[in-house]
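Chemist: Any chance you can model this:
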Amino acid sequence: MQFAKRFVKAGISDIVLLVIIIMSIFPFIYMFMMSFKSTINAFDFDFSLDKLTLEQYIKVFQVDNFERYIFNSVFVAVAGVILTLAVCSLAGYAFAKMDFKGNNKWFIFLVMTLIVPSEVIIVPLFLIARGLGWLNMYRALILPLPTAFGVFIMRQAILEVPSDLIDAAKIDGCGNFKTFVRVVLPVVRSSLLALAIFTFVGAWNNFLWPLVACTKEEMKTLPLALSLMKTQYNTDVGLTMACAVINFLPPFLFYIFMQSKFKEGMTMGGVKG
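Modeler: Numbering: from 1, shown residues only. Sure, this is the predicted structure:
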């Protein structure tokens, strides 16, 4: 009797999970299938082979400056990942392994900035970028990408690095930077990859700040191109979905290739503080 009850509970749990999975992936399947159609009806679910075509993707790549939009998104995302990994790992190492006055207080203050919505700092950030003459420049899109969240992830990971390894490296004549590069970074590689995924996806999908900081067509990114599709071609659902698929695939593939390291990096270090 107890076995039957457990079997029923397990079956119900599996069904509920299956329903949740289907509900989660349905929007992506819908987006992908609709991208092969030319229709003004968002509820047109006739996906017969004679109605599927690559015409929408051809039209997307024929849009003026579309290749430039792709290059901008790739360049900003990749440069943002490199900058974020460098800044956050160095700051995380300082907070985790270096003893300086106010270490914990500065770190708590840094973490507290996470409760501030990003939209709140758009205006001050715009004024700073305008004052420095950085509007419509890559540096305006890249430099704000490192955040306190990245520092938090790296600090928690570096706390797990045995202090004996660092002490041994210093005894062998390594300075702080050499110890950081040769001893610490190889140990926290999984956390670096996890942070790289977060940063890449965030930079790729960033919409509000590029919209504010870039007014020239040649500096716009793919999310802005998608909004252009929604306004300029708002009658063709398939064209909008084709652009959405192109915008969705790079971060999705990046995560697929990195997912094993992502899981390992997110579990490394726990919440030790």
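
Chemist: could I get the strand or helix carrying A203 in CSV with only the CA atoms?
Modeler: Per DSSP states H and E, A203 falls inside helix 189-205. What follows is helix 189-205 as a C-alpha-only set of coordinates in CSV (Å, rounded to 0.1, in the frame of the first residue of the first chain):
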residue,chain,number,x,y,z
ARG,A,189,38.4,28.6,-13.2
SER,A,190,34.8,27.2,-12.9
SER,A,191,33.6,30.3,-11.1
LEU,A,192,35.2,32.4,-13.8
LEU,A,193,33.3,30.5,-16.5
ALA,A,194,30.1,30.9,-14.6
LEU,A,195,30.6,34.7,-14.3
ALA,A,196,31.5,34.8,-18.0
ILE,A,197,28.1,33.3,-18.8
PHE,A,198,26.3,35.7,-16.6
THR,A,199,28.1,38.7,-18.1
PHE,A,200,27.8,37.5,-21.7
VAL,A,201,24.1,37.0,-21.5
GLY,A,202,23.6,40.3,-19.6
ALA,A,203,25.7,42.3,-22.1
TRP,A,204,24.1,40.6,-25.1
ASN,A,205,20.5,41.2,-23.9
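
Chemist: Dump the helix or strand following it to CSV, keeping only the CA atoms.
Modeler: For helix 189-205, the succeeding helix or strand toward the C-terminus, using DSSP H and E, is helix 208-213. Coordinates of each C-alpha in helix 208-213 appear next as CSV, following Å, rounded to 0.1, in the frame of the first residue of the first chain:
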residue,chain,number,x,y,z
LEU,A,208,17.9,50.2,-21.9
TRP,A,209,21.5,51.5,-21.6
PRO,A,210,22.5,51.0,-25.3
LEU,A,211,19.2,52.7,-26.2
VAL,A,212,20.2,55.8,-24.0
ALA,A,213,23.9,55.8,-24.8
